[in-house]
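Trainee: This is a predicted model, with the sequence first.
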Amino acid sequence: LFSTVSRTLRPGASFYASEIHPVRAAGGTLAHFTDARDGAEVSLAGFPHTELEIRLAASASGFHEIESHNIVGTEELASLNEKWRRHIGQPMIQIWRFQ
């Protein structure tokens, strides 16, 4: 991802990357969704990465981290998707801004 972004982003520009929180990914939660057409659960191919691995990959492509945020489960998010209720108070997504 980072090498592709580095080839296509203009010099000095920043970009955001988001990922299922590394803590959740390490526990086996990877990208998936329910197909609206037939209700089938679709799991995307993916591999868990630690925060350090993500930062090192960004750095190896010439980026530095400007900021990062952990999105923690809340009642508001649970109201959007009942399955997220079990994540209240737990990290769900991590967002980074790199330049």
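Mentor: Right, received. Where do you want to start?
Trainee: Name the residues of the longest helix seen in the chain that are buried.
Mentor: Longest helix in the chain by number of residues, with DSSP state H as the criterion: helix 51-60. By 16 or more other CB atoms under 10 Å, the buried positions in helix 51-60 come out as 51, 54, 55, 58. Quick note: C-beta positions are derived from backbone N, CA and C, even for glycine.
Trainee: What of stretch 81-93?
Mentor: Result for stretch 81-93 [16+ other CB under 10 Å]: buried residues 84, 87, 92, 93.
Trainee: Repeat that for stretch 63-76.
Mentor: Across stretch 63-76, burial judged by 16+ other CB under 10 Å covers 63, 73.
Trainee: now swap in stretch 22-32 and tell me
Mentor: Within stretch 22-32, the residues scored as buried using 16+ other CB under 10 Å are 22, 23, 24, 25.
Trainee: Span of that stretch from start to end?
Mentor: This stretch, stretch 22-32, spans 15 Å end to end (CA to CA, to the nearest Å).
Trainee: Please apply the same query to stretch 33-41.
Mentor: Terminal residues of stretch 33-41 are spaced 6 Å apart (CA to CA).
Trainee: ok so, going back, just the buried residues of stretch 81-93: which are in strands?
Mentor: Among the buried residues of stretch 81-93, the members falling in strands (DSSP state E) are 92, 93.
Trainee: From the centre of the chain, give me the residue that's furthest out.
Mentor: Most distant from the centre of the chain: residue 38, at 26.1 Å, with distances by CA atoms, centre = their mean.
Trainee: related to what we said a few turns ago, among the buried residues of helix 51-60, which two are most distant?
Mentor: By the measure CB to CB, 51 and 58 form the most distant pair in the buried residues of helix 51-60, at 10.8 Å.
Trainee: so where do the helices sit in the chain?
Mentor: Going by DSSP H, the chain shows helices at 2-8, 22-26, 51-60, 75-80.
Trainee: hang on, the earlier thing: format the CA atom coordinates belonging to the longest helix of the chain as CSV.
Mentor: Provided in CSV are the C-alpha atoms of helix 51-60 (Å, rounded to 0.1, in the frame of the first residue of the first chain):
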residue,chain,number,x,y,z
GLU,A,51,0.9,-0.9,14.8
LEU,A,52,4.7,-1.1,14.6
GLU,A,53,4.6,-3.0,11.3
ILE,A,54,2.3,-0.4,9.8
ARG,A,55,4.5,2.4,11.0
LEU,A,56,7.6,0.7,9.7
ALA,A,57,6.0,0.0,6.3
ALA,A,58,5.0,3.7,6.0
SER,A,59,8.5,4.8,7.0
ALA,A,60,10.2,2.4,4.5
